[in-house]
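Chemist: quick one: sequence and predicted model below, then my questions.
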Amino acid sequence: MLSDLVHVSLPLVDVLSAGASAVKQPIFWADLGLKKGISLGFFTLRFYSLAYLAGIVFGYWHMTRMIRQPGSPLAQRHVDDLFFWCTLGIILGGRLGYATFYDHTLYTEPLKMLRLWEGGMSFHGGLIGVLVAVWGVCRAGGLSFIRVMDYVAPCAPVGLFFGRIANFINGELWGRVAGPDVPWAMVFPDEAAGNFARHPSQLYEAGLEGLTLGAVLFALFWLTRARWRPGMLMGTFSLGYGLARFIVEFFREPDQQLQDFAARTHMSMGQWLTVPMILLGLFMIVRALTRPMLGARVPVRSGADG
């Protein structure tokens with residue numbers, strides 16, 4: 001009988017061991033076969049660059065459709081100006097913001113500052129760049145800044161989605177070490193990440209900042225009268241992005257040079273930077289809901305302050 005029990009238990013042990021191994025075995029980023037770009041022989045077209053280009057082109061196309069709806073505060077010529085100046089704002093603001101908030105050494109290496117294809121762009125810096133660009137276009141065209149931002153806001157999440165997917169393809173901005181109960185945990189090839197299974201926080205951000213926030217803003221613009229409440233869409237974007245980023249930061253590994261900062265302040269730099277966005281978003285939404293709605297049947301002339 002003892003031999004029978006041993007004979008039966010051995011396969012059971014094998015099954016349990018295999019099951020445990022299957023549960024604990026992480027996904028290796030290197031096994032996904034991802035490439036950082038498309039080789040053209042003499043040049044590699046980076047997906048990181050293509051992500052920004054795709055986001056900007058989509059934003060231009062989508063805003064062109066949005067302004068055809070009643071009540072638009074801007075005309076096509078203003079969209080053309082925004083396309084140019086916001087592109088500069090995203091690139092310059094994003095890079096300078098990264099150098100300011102995350103990596104001060106870039107200021108001492110000007111050539112490295114120009115290597116945009118290697119990554120290293122700050123969303124908050126890019127946002128400041130866009131705000132400055134929109135303010136300039138509004139001032140030159142006599143437009144309402146808040147109403148124009150209501151049209152810019154629904155265009156942004158698609159660019160954020162592409163950007164976070166590019167971060168994942170680059171194997172950068174990975175998450176914190178994950179526990180054994182996270183079957184999608186992933187080992188990234190960066191030496192700084194170590195041989196640890198981590199949260200693919202880039203995908204979390206793509207899902208929250210990109211898909212979820214984009215779906216909310218699209219629905220508000222196309223299915224409701226939110227665009228008739230100045231500041232509503234702008235506030236929703238600010239609040240939505242702030243909350244999404246704040247949550248994801250619990251799963252995202254702080255930049256190596258800022259880990260001491262996060263330990264001292266009990267929040268990461270990304271979380272600190274989202275606090276003003278959350279407060280601004282709440283203020284703008286309350287302001288929009290407590291003020292009279294613009295007349296949906298009265299077209300707003302291009303260039304009007306609304």
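Modeler: Cool, the structure landed.

Chemist: what residues of the strand or helix carrying residue 38 count as buried?
Modeler: Per DSSP states H and E: residue 38 is located in strand 37-39. Applying a neighbour-count criterion of 16 or more other Cβ atoms under 10 Å, the buried positions in strand 37-39 are residue 37. From N, CA and C alone the C-beta is placed, and that goes for glycine too.

Chemist: is residue 268 in contact with residue 253, as I believe?
Modeler: No: contact between residue 268 and residue 253 fails when scored by Cβ atoms under 8 Å: they sit 9.1 Å apart.

Chemist: touching stretch 184-194 from outside, list them.
Modeler: With Cβ atoms under 8 Å, 6 or more residues apart in numbering as the test, stretch 184-194 has contacts from 26-30, 171-172, 174, 178-179, 195-200, 253, 256.

Chemist: end-to-end on it?
Modeler: 17 Å (Cα to Cα, to the nearest Å).

Chemist: distance from it to the middle of the chain?
Modeler: 21 Å (Cα atoms, centre = their mean, to the nearest Å).

Chemist: got the buried residues for stretch 92-110?
Modeler: Result for stretch 92-110 [16+ other Cβ under 10 Å]: buried residues 92-103, 106.

Chemist: hang on, the earlier thing: just list what the strand holding residue 38 packs against, helices and strands only.
Modeler: Helices and strands touching strand 37-39, by 3 or more Cβ pairs under 8 Å, 6 or more residues apart in numbering; DSSP states H and E, are strand 44-46, helix 47-66.

Chemist: what's the least confident stretch among the ones you listed?
Modeler: When these are ranked by mean pLDDT, strand 44-46 comes last with a mean of 77.

Chemist: contacting residues around the strand holding residue 38?
Modeler: 44-50, 117.

Chemist: hang on, residue 41 in a strand?
Modeler: No: counting by DSSP: H, G, I helix; E, B strand; the rest coil, one finds residue 41 to be coil, located in no strand.

Chemist: now for it, how many residues are close by?
Modeler: The number of residues packed near residue 41 is 5, by other Cβ atoms under 10 Å.

Chemist: my guess is residue 152 meets residue 134, correct?
Modeler: Yes: assessed by Cβ under 8 Å, residue 152 is found in contact with residue 134 at 6.2 Å.

Chemist: spell out which residues are contacts of both of the two.
Modeler: 82, 86.

Chemist: next, give phi and psi for residue 69.
Modeler: phi -80, psi 150 (degrees, to the nearest 10).

Chemist: state the distance from residue 239 to residue 83.
Modeler: Distance of residue 239 to residue 83, given as Cβ to Cβ, to the nearest Å: 26 Å.

Chemist: which one's more surrounded, those two?
Modeler: residue 239 (21 against 18).

Chemist: what's the following helix or strand after the host helix or strand of that one?
Modeler: Assigned by DSSP H and E, residue 239 belongs to helix 232-248. For helix 232-248, the following helix or strand on the C-terminal side (DSSP H and E) is helix 259-265.

Chemist: just checking, residue 227 touches residue 153?
Modeler: No: Residue 227 lies out of contact with residue 153 (Cβ under 8 Å); the separation is 10.1 Å.

Chemist: residues that sit against both of these two, list them.
Modeler: Joint contacts of residue 227 and residue 153 (Cβ under 8 Å, 6+ apart) are residue 233.

Chemist: for residue 134, give me the pLDDT.
Modeler: Among the per-residue scores, residue 134 shows a pLDDT of 96.

Chemist: and the helix holding residue 239, what does it pack onto?
Modeler: Looks like helix 232-248 contacts helix 145-152, helix 156-170, helix 201-205, helix 213-223, helix 269-290 (3+ Cβ pairs under 8 Å, 6+ apart).

Chemist: against which helices or strands is the longest one packed?
Modeler: Right, the one you point to is helix 269-290. helix 232-248, helix 259-265.

Chemist: please repeat the previous calculation with a cut-off of 7 Å.
Modeler: helix 232-248 (3 or more Cβ pairs under 7 Å, 6 or more residues apart in numbering; DSSP states H and E).
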